[in-house]
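> Sequence first, then the predicted structure, then my questions.
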Protein chains: 4
Amino acid sequence: MEGGKFHRKTFDRIDPERRAMILRVAMTEFASKGFAATGINDLARKAGISIGSLYSYFASKEDLYLAVIDMGSDTLERELSEIDPSAGFFSCLEALVRKARHAADRYPELNQIYLDSTTQGLSALAARLSNRLEAVTAKLYRRLFAAGQASGELRPDIDPGYAAFCLDNLIVMLQFSYSSDYYRDRMRIMVGVGDGEEVDEDKLVSCVLAMARGAFGAFR
Amino acid sequence: MEGGKFHRKTFDRIDPERRAMILRVAMTEFASKGFAATGINDLARKAGISIGSLYSYFASKEDLYLAVIDMGSDTLERELSEIDPSAGFFSCLEALVRKARHAADRYPELNQIYLDSTTQGLSALAARLSNRLEAVTAKLYRRLFAAGQASGELRPDIDPGYAAFCLDNLIVMLQFSYSSDYYRDRMRIMVGVGDGEEVDEDKLVSCVLAMARGAFGAFR
Amino acid sequence: MEGGKFHRKTFDRIDPERRAMILRVAMTEFASKGFAATGINDLARKAGISIGSLYSYFASKEDLYLAVIDMGSDTLERELSEIDPSAGFFSCLEALVRKARHAADRYPELNQIYLDSTTQGLSALAARLSNRLEAVTAKLYRRLFAAGQASGELRPDIDPGYAAFCLDNLIVMLQFSYSSDYYRDRMRIMVGVGDGEEVDEDKLVSCVLAMARGAFGAFR
Amino acid sequence: MEGGKFHRKTFDRIDPERRAMILRVAMTEFASKGFAATGINDLARKAGISIGSLYSYFASKEDLYLAVIDMGSDTLERELSEIDPSAGFFSCLEALVRKARHAADRYPELNQIYLDSTTQGLSALAARLSNRLEAVTAKLYRRLFAAGQASGELRPDIDPGYAAFCLDNLIVMLQFSYSSDYYRDRMRIMVGVGDGEEVDEDKLVSCVLAMARGAFGAFR
DNA sequence: CATGAATGAGTATTCATTCAT
DNA sequence: AATGAATGAATACTCATTCAT
């Protein structure tokens, strides 16, 4: 599935390194400061390009922001495509949770921007993305649940949509909790770890899997 | 538990109606536009007070924002205090989920602002709140889990912190899904309801409860 | 000679201590921050009185400022009245220089405000003072020079006005040099004292007197 | 000696006429209203440039102010460099006094701003200038006194620093007296000229020179 | 294609003054 | 007489975007 096109033709024609650099700097800036507080002039300077160039690549600050998110969606899609539904539901789910956990480490900025973009103030902006990300994820869950119920691994009476929604909620929050300062603090408080301690990642993953298995797993 | 004090003394002294009006307008503005995009001058005009007055009540835009969130924490605390831990774990949990669901309808703006405040760009700001909200919630979960394990309603081998964290993740996302445009769209896509359809709230609550029961409930 | 009246009648009627406190705080504030940068509300708070009271004593910030300067003129007048012209010109001049030197220490704020008020930006304001201070000083010089020339201590061919102007220039700058940060630094640089050293006050006074004696003293 | 750099690089790159115009307008505004009462937006409008441009040339109002003073220091330095110490002390001194007198006419605004900047309220600001102006002047005096004492024109027992300080005090006040409204009035009162009359400039210069000659000149 | 100077509406915040209590 | 809440024009400064070179 092709992402929206938020950049101008010129952006396709320039040196890939320059292209990557611009997106990387934009990602870092938007991630740490948010859409509204990020300055385009400052961003251009940090990327080592002129304001004029930036505006020849992107029609507006908004478009640049969306382009960054779109790139993030590509990344997600690539990661998800590695999941093989034929490997069994819970095996896939565990892979998914682990992937989410690692994505938070590898692309914290993408997660932070994603969080930023879900904000009510940016809803008009986000509408232009037409929920591409969730569409991709939803599709994967559909296939996983279909296969799981077909194979008898999952109970036949559960509604895949509602189950997928709840599962993904856990996964999204897990990702936020490992990539944003706010949710990290929240996690530590909820889990109840002290100042020196660390949250036990395996316990977390087990808990998520246990919830899925308990609610959706067959014969119990 | 007393909230931080983000307003000036003068704010305590004015007409309660005026006070409520200011907070209400501020809540609406911050909720719909986000912290950065909300203008103080505009806000004052909408509240029908002068800029000077607003600044005599709050030292800065930041303080006003925090005051609004703090008021929201009061509201949450009040709601949570109605939960009676002696009523049994799953009964309480269901009450909690229902409460969250209704809070999203009754105070959508509070939820939107909460979401906004968890954004990375506002992490410095949010730090001043010292996670009061999560502390309150965490405390409730502690009591619920302790009572549940004591009564034998819950398995003795689960770690209450991790369980609470996962449960609250579900509840938080439920609230976002019913109060923010972005997460509502996401929910509809994940659940897979069509254009005319509505998400079935009871199914959602059941799903959350089933996940909790399956993972944490005793003898199964 | 009566000073202008820059306060309202109410100010005459209040407790003298309150009166003195207000003027003292005003003096300190205006001296350190200058007219424009001094805030009336802040000043009132520091003086422990209400803004309303302050405005019942003085019609405007401007009037308060002028009242402070006027009080300073009283002080100067009192000091100058101690000079006895019959004691001989150079003896009086030395007394005058010493007085100036000590006034800089005792009333640094008055000097700083005086300097501030001579600024071009405040010329309209200062016009309301009608140069009361200089009139007082000029009158003293007239008497000193008249007595000095009558007694033969001073050369008969010097023009008292020009001589007085030059002498007073030296004295004014001496006062600035001991009461304002800027002119203190300037003095140290011009005199050429090092970091640990102090400017030798006696040398300074001698130098001023030598210049007067050399130019205006009879036979030599 | 190079002045501090208070402008941004962009200011070096623009049309010299534009540059001069901006500084000229800034000089006029700051001179007549003082630092605090001068508005940047107003100033930009008067200079015929946009606020944004002004801020692309100078980082702050403070910097613009200092840039104007710095330009004034250049002017002073240029003027002082015309004095030839080998021409004899008193000849140089007379040239210096005449120069000061004419500088007051040619650059009244610079003098007014200089006066403004010596104000206690601007001492923090002025500190950034590190007394460049006085350093230049002091250096010239050092050379003049050294030459004068070497040639026997001056008494060997006078301390050049103290003498220079007193002399420069006379010169500074002379300049103020011919460039600021306040000090002009003061001069007229001290000298004692009537309403139609003018202060006799030659008498003034003679008086200053007489004071120098009487105190510092050899044999007499 | 690239540049970066120029723009000016918009921002949060201050402050002298008024006036109802 | 004393208070201090209320006012709103004014302030210094920012920033997304344009466009001439």
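Thanks, I have it.
> Off-centre distance for the lengthiest helix in chain A?
The longest helix of chain A (DSSP state H) is helix A:16-37. Averaged C-alpha coordinates place helix A:16-37 at 16 Å from its chain's average position (CA atoms, centre = their mean, to the nearest Å).
> in the helix or strand that it is followed by, what's buried?
Next helix or strand after helix A:16-37 toward the C-terminus (DSSP states H and E): helix A:40-47. For helix A:40-47, burial by neighbour count (16 or more other CB atoms under 10 Å in any protein chain shown) applies to A:Ile40, A:Leu43, A:Ala44, A:Ala47. Using the backbone N, CA and C atoms, a C-beta is placed for each residue, glycine as well.
> Helix A:40-47 versus helix A:16-37: what angle between them?
Put simply, helix A:40-47 runs at 150 degrees to helix A:16-37, going by axes from the mean of the first three to the mean of the last three CA atoms, to 10 degrees.
> for the next helix or strand after helix A:40-47, packing partners?
Using DSSP H and E, the next helix or strand after helix A:40-47 towards the C-terminus is helix A:51-57. Helix A:51-57 sits against helix A:9-13, helix A:40-47, with contacts defined as 3 or more CB pairs under 8 Å, 6 or more residues apart in numbering or on different chains; DSSP states H and E.
> returning to that earlier point: ok, is the longest helix of chain A in contact with chain B or not?
Yes - interface with chain B: helix A:16-37 contributes A:Ala31, A:Ser32, A:Lys33, A:Gly34, A:Phe35, A:Ala36, A:Ala37 (CB under 8 Å from any CB of the partner chain).
> Between those residues, identify the one with the most neighbours.
The most crowded member of those is A:Gly34, carrying 28 neighbours; neighbours defined as other CB atoms under 10 Å in any protein chain shown.
> dump the residue contacts of that residue.
A:Asp116, B:Ala36, B:Thr119, B:Gln120, B:Gly121, B:Leu122 (CB atoms under 8 Å, 6 or more residues apart in numbering or on different chains).
> So which of these sit within helices?
Short answer: the contacts of A:Gly34 in helices (DSSP H) are A:Asp116, B:Ala36.
> Closest one to DNA strand F out of the contacts of A:Gly34, please.
Distances from DNA strand F to the contacts of A:Gly34, taken as CB to the nearest atom of the strand, are shortest for B:Ala36 (9.4 Å).
> circling back to that earlier point, in JSON lines, list the residues of helix A:16-37 next to chain B along with pLDDT.
Output for the residues of helix A:16-37 next to chain B, formatted as JSON lines (pLDDT from 0 to 100):
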{"residue": "A:Ala31", "pLDDT": "97"}
{"residue": "A:Ser32", "pLDDT": "96"}
{"residue": "A:Lys33", "pLDDT": "97"}
{"residue": "A:Gly34", "pLDDT": "97"}
{"residue": "A:Phe35", "pLDDT": "98"}
{"residue": "A:Ala36", "pLDDT": "97"}
{"residue": "A:Ala37", "pLDDT": "96"}
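> Quick check: of the residues you listed, which lies closest to B:Gly194?
Distance to B:Gly194, by CB to CB, is smallest for A:Phe35 among the residues of helix A:16-37 next to chain B, at 31.4 Å.
> Okay, whichever residue of chain A sits closest to DNA strand E and D:Met190: tell me how far apart.
Going by CB to the nearest atom of the strand, DNA strand E is nearest to A:Gly52 of chain A, at 2.1 Å. Between A:Gly52 and D:Met190 the distance is 62 Å, computed by CB to CB, to the nearest Å.
> quick one: which of the two has more around it?
The neighbour comparison of A:Gly52 against D:Met190 (other CB under 10 Å) goes to D:Met190, with 28 against 9.
> With D:Ser177 as the reference, measure out to that one.
Counting by CB to CB, the gap from D:Met190 to D:Ser177 is 9 Å.
> Please point out which parts of the helix or strand containing A:Ser206 sit buried.
Per DSSP H and E: A:Ser206 is located in helix A:201-216. Neighbour-count burial for helix A:201-216 flags A:203-216 (criterion: 16+ other CB under 10 Å).
> any chance of those residues in JSON lines, with pLDDT and distance to DNA strand F too?
Output for the buried residues of helix A:201-216, formatted as JSON lines (pLDDT from 0 to 100; distance: CB to the nearest atom of the strand, whole Å):
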{"residue": "A:Lys203", "pLDDT": "95", "distance to DNA strand F": "42"}
{"residue": "A:Leu204", "pLDDT": "96", "distance to DNA strand F": "37"}
{"residue": "A:Val205", "pLDDT": "95", "distance to DNA strand F": "40"}
{"residue": "A:Ser206", "pLDDT": "95", "distance to DNA strand F": "44"}
{"residue": "A:Cys207", "pLDDT": "96", "distance to DNA strand F": "41"}
{"residue": "A:Val208", "pLDDT": "96", "distance to DNA strand F": "39"}
{"residue": "A:Leu209", "pLDDT": "96", "distance to DNA strand F": "43"}
{"residue": "A:Ala210", "pLDDT": "96", "distance to DNA strand F": "46"}
{"residue": "A:Met211", "pLDDT": "96", "distance to DNA strand F": "42"}
{"residue": "A:Ala212", "pLDDT": "96", "distance to DNA strand F": "42"}
{"residue": "A:Arg213", "pLDDT": "95", "distance to DNA strand F": "47"}
{"residue": "A:Gly214", "pLDDT": "93", "distance to DNA strand F": "48"}
{"residue": "A:Ala215", "pLDDT": "94", "distance to DNA strand F": "45"}
{"residue": "A:Phe216", "pLDDT": "95", "distance to DNA strand F": "46"}
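> ok, A:Ile83 - contacts?
A:Cys92, A:Ala95, A:Leu96, A:Lys99, A:Leu140, A:Leu144.
> go again using 7 Å as the cut-off
Contacts were defined as CB atoms under 7 Å, 6 or more residues apart in numbering or on different chains; by that measure A:Ile83 touches A:Cys92, A:Ala95, A:Leu96, A:Leu140.
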